[in-house]
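A.B. asks: Give me a 3D structure for the following:
(chains A and B)
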Amino acid sequence: MARPFAAERHFSTALFLLLLVFSVRDAAFASPPDLIEAGASQNHFYIEPSYDGTSIALFGSVDSDRLKSETFDLAITIRGPIRPVRVWKKARRAGLWINAHSMTFDGVPNYYAVLSTGPLEEIASLEERKDHEIGVAVLQFPLTASGETKALTNPPEEFRDALIKLKQTSGLFVEDSQAAIQFLGARLFRARVFLPAAAGPGLYRANFYVLQKGSVAGEASAHIRLNKIGIEARLSSAALNHPWLYGVLAVILAAAVGGGASLVFRRA
Amino acid sequence: MLVYLPIAELPVNALLMLALGGAVGFLSGMFGVGGGFLMTPMLIFAGVPSAVAVATGANPLIASSITGTIAQYRRKNVDVKLGMYLLAGGAAGALIGVLIIRYLRQIGQIDLFVALLYVVFMSSVGGMMLVESLRALSKVRRGQPIPARRPAQHNWIHGLPFKTRFKVSKLYISALPPVVLGALVGLMSGVMGVGGGFVMVPILIYLLRVPTNVAIGTSLFQVIFVSAITTVLQAATNQTVDIALALLLMAGGVIGAQAGAAAGQHLRAEQLRLLLALLVLAVGLRLAVGLLSPPELFSVTPAEA
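C.D. replies: Numbers count the residues shown, from 1 in each chain, chains lettered A, B, ... in the order given. Have a look, this model is predicted:
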């Protein structure tokens, strides 16, 4: 009788030690529950022939009990797909306006939106806005070394500002501090952002910020992917991966339409 | 009705594209020019990126020029031999044109170059046709007869070697001018996404003395092949041919071509040339205005990483 009892005791000691190790590890390594938890209602969106932009629902909750004061603000940035772009400036040469200077910027989101519960200047300090790139005005794009001409006479700011202005004009850089974010009770919020069709397929990232007294108290992020599917995906992959075949297909299709039309209209 | 274009990565209004294709097809049927010189600028104006507009512009021309050529062939207006000589130069020209456009895009001067080409070609060709057709019309008004075929005056073209007989065109001239002309038009096709009929037809008529109806039929014939070559080369080198866009334009184009051909039969040849001259001049002037006073100083293009 003694031996099995001893074995049982050894077993429970081992179990106890194991549990102890786990709980110590948890206390030491796990961060406290996030102040803000957020995500998108869908992480994948698809481009079909009838695609004309899509509405993305974002939602989350703020653990307001842990905030020092009752009031807080929210800002959400959505950006993607990141691509290098070249900005050209025209100059008059021999009476004609031609592209004379250019600068290439890396890491420019084709689409960028900020949603907030109040005017950005009031809810976040300039430093925080710059650090987290909250707001169209504080966006910075790294310059690439190649493709710059006469950088001294044409400061990068001029090109950066022009890029932002063009993006804003085409509705690809947007700010909304009015009604984009709604609270459902004290903790839950939801937001809606419309991704225009010109934003294009690729990877998007949504960053959520809890702001108090002008600084970021907590943050969360989510990824959203927009892909072509069906015929859209097949055509664009054929154009990229089998360009010669794709070209021949384009010619055959056109010849068939032209020849077919001749037959139809001759009979008629 | 919106349709998302897979290559342009934009939705376009399908009805607008059908109408644009139809309008260009109408011109094609009426004047015997492909109408690409209107297609490409209008696509850009409709918001299609210029790389896609130039590369896709030639594709629907294949359909409308096949329909046009079949109709003209039945009326015995296609000089196949002359067309082959034009084509020999055209294939080489198209290849060089597609390579040029690639280089121009890299140095950011594509819009300028294309606009300059349009302005130079359109104002000179349009001006020439305008003067000629007005002169012809005033002769008609004064009751003078118009010769169906221009008198076979001898110019420097007739002094060139390698003479050959073009039966349908009733010509005995050197083979060099058609090959050079073909190369020039092929080059334009590659660079501008046009068939080049608006340059080809007047040169055939005024310089080579080809009868007007044969010039139209033969130009259409060679446009089939030049635009086919251009389409394949654009797809292979720039990967910006949008088949979905081309299909919309073609569908409108083949219908427009029939209407245009029917309308063309009710108009006199001089009147047709006057209308075409005015159209060519108008597009040329519009583009010249853009070069002299740009609406926006800055522009953005994709950059290679």
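A.B. asks: Could you chop chain A up by domain?
C.D. replies: Following automatic domain parsing, one finds the domains of chain A at A:34-228, A:230-268.
A.B. asks: In a markdown table: the ones you listed, plus distance to residue B:254.
C.D. replies: C-betas here are computed from N, CA, C, even on glycine. Output for the domains of chain A, formatted as a markdown table (distance: least, Cβ to Cβ, whole Å):
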| stretch | distance to residue B:254 |
| --- | --- |
| domain A:34-228 | 22 |
| domain A:230-268 | 4 |
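A.B. asks: Using CSV, lay out those together with distance to residue B:8, mean pLDDT and mean neighbour count.
C.D. replies: Output for the domains of chain A, formatted as CSV (distance: least, Cβ to Cβ, whole Å; pLDDT from 0 to 100; neighbours: other Cβ atoms under 10 Å in any protein chain shown):
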stretch, distance to residue B:8, mean pLDDT, mean neighbour count
domain A:34-228, 10, 86, 17
domain A:230-268, 10, 89, 17
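A.B. asks: Adding distance to chain B, write those out as a markdown table.
C.D. replies: Listed next are those as a markdown table, based on distance: least, Cβ to the nearest Cβ, whole Å:
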| stretch | distance to chain B |
| --- | --- |
| domain A:34-228 | 4 |
| domain A:230-268 | 3 |
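A.B. asks: Nearest to residue B:124 among the ones you listed would be which one?
C.D. replies: For the domains of chain A, proximity to residue B:124 was assessed by Cβ to Cβ; domain A:34-228 is nearest, at 17.4 Å.
A.B. asks: now the closest one, how far from the chain's geometric center?
C.D. replies: Offset of domain A:34-228 from its chain centre (Cα atoms, centre = their mean, to the nearest Å): 7 Å.
A.B. asks: for stretch B:89-96, same thing?
C.D. replies: For stretch B:89-96, the distance to the chain centre is 15 Å (Cα atoms, centre = their mean).
A.B. asks: ok, that stretch near chain A or not?
C.D. replies: No: counting by Cβ under 8 Å from any Cβ of the partner chain, chain A is not contacted by stretch B:89-96; separation bottoms out at 12.3 Å.
A.B. asks: Out of the domains of chain A, flag the one nearest residue B:23.
C.D. replies: Smallest distance to residue B:23 across these (Cβ to Cβ): 16.4 Å, for domain A:230-268.
A.B. asks: For chain A, what is the nearest residue in the stretch 151-300 of chain B?
C.D. replies: Taking Cβ to the nearest Cβ, chain A has its nearest neighbour within the stretch 151-300 of chain B at residue B:235, 3.0 Å off.
A.B. asks: quick one: contacts for that residue?
C.D. replies: A:239, A:243-244, A:246-247, A:250, B:55, B:241 (Cβ atoms under 8 Å, 6 or more residues apart in numbering or on different chains).
A.B. asks: now swap in residue B:130 and tell me
C.D. replies: B:274, B:277-278, B:281.
A.B. asks: Any of the residues you listed buried? List them.
C.D. replies: Among those, the ones that count as buried by 16 or more other Cβ atoms under 10 Å in any protein chain shown are B:274, B:277, B:281.
A.B. asks: what ranges do the helices span in chain B?
C.D. replies: In chain B, helices defined by DSSP state H lie at B:14-31, B:36-45, B:50-57, B:59-74, B:80-107, B:110-141, B:176-192, B:197-206, B:212-237, B:243-264, B:269-292, listed in chain order.
A.B. asks: For the fifth one, buried residues please.
C.D. replies: Put plainly, it is helix B:80-107. Neighbour count says helix B:80-107 has B:81-95, B:97-98, B:101-102, B:104-105 buried, by 16+ other Cβ under 10 Å.
A.B. asks: So in that sheet, which strands flank the helix or strand bottoming out on mean pLDDT in chain B, and in what orientation?
C.D. replies: Least confident element among the helices and strands of chain B, by mean pLDDT, DSSP states H and E: strand B:171-174 (a mean of 74). Strand B:171-174 pairs in its sheet with strand B:163-166 (antiparallel), by DSSP bridges.
A.B. asks: Can you name the residues of the stretch 151-300 of chain B sitting close to chain A?
C.D. replies: Counting by Cβ under 8 Å from any Cβ, the residues of the stretch 151-300 of chain B that sit close to chain A are B:228, B:231-237, B:239-241, B:243-244, B:246-247, B:250-251, B:254-255, B:257-258, B:291-294, B:296-300.
A.B. asks: Nearest to residue A:125 among the contacts of residue B:130?
C.D. replies: residue B:281 (59.6 Å).
A.B. asks: For residue B:279, which residues are in contact?
C.D. replies: Residue B:279 sits in contact with B:27, B:38, B:126, where contact means Cβ under 8 Å, 6+ apart.
A.B. asks: By neighbours, which of the residues you listed wins?
C.D. replies: Among the contacts of residue B:279, residue B:27 has the most neighbours (other Cβ atoms under 10 Å in any protein chain shown), with 27 neighbours.
A.B. asks: State the distance from it to residue B:216.
C.D. replies: 12 Å (Cβ to Cβ, to the nearest Å).
A.B. asks: Could you pull out the residues contacting both of the two?
C.D. replies: Common contact partners of residue B:27 and residue B:216 (Cβ under 8 Å, 6+ apart): residue B:33.
A.B. asks: Redo the helices of chain B as CSV? Include distance to residue A:111 and mean pLDDT.
C.D. replies: What follows is the helices of chain B, written out as CSV (distance: least, Cβ to Cβ, whole Å; pLDDT from 0 to 100):
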stretch, distance to residue A:111, mean pLDDT
helix B:14-31, 24, 86
helix B:36-45, 22, 79
helix B:50-57, 19, 85
helix B:59-74, 29, 86
helix B:80-107, 24, 84
helix B:110-141, 24, 81
helix B:176-192, 32, 81
helix B:197-206, 39, 79
helix B:212-237, 28, 87
helix B:243-264, 23, 87
helix B:269-292, 28, 80
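A.B. asks: looking at those helices, which is closest to residue B:4?
C.D. replies: Smallest distance to residue B:4 across the helices of chain B (Cβ to Cβ): 8.1 Å, for helix B:243-264.
A.B. asks: what helices or strands is the closest one leaning on?
C.D. replies: Packing partners of helix B:243-264 (3 or more Cβ pairs under 8 Å, 6 or more residues apart in numbering or on different chains; DSSP states H and E): helix A:230-241, helix A:243-267, strand B:2-5, helix B:14-31, helix B:50-57, helix B:59-74.
A.B. asks: and the fifth one, how far from the chain's centre?
C.D. replies: Same thing as helix B:50-57. So, by Cα atoms, centre = their mean, the centroid of helix B:50-57 is 14 Å from its chain's centroid.
A.B. asks: What residues does residue B:83 make contact with?
C.D. replies: B:218, B:221-222.
A.B. asks: And residue B:274, how close does it get to residue B:35?
C.D. replies: Distance from residue B:274 to residue B:35, counting by Cβ to Cβ: 17 Å.
A.B. asks: rewinding a little: any chance of a PyMOL selection covering the buried ones in the residues of the stretch 151-300 of chain B next to chain A?
C.D. replies: To isolate the buried ones among these in PyMOL, judged by 16+ other Cβ under 10 Å, type:
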select buried, chain B and resi 228+231+232+233+234+235+236+237+239+240+241+243+244+246+247+250+251+254+255+257+258+291+294+298+299+300
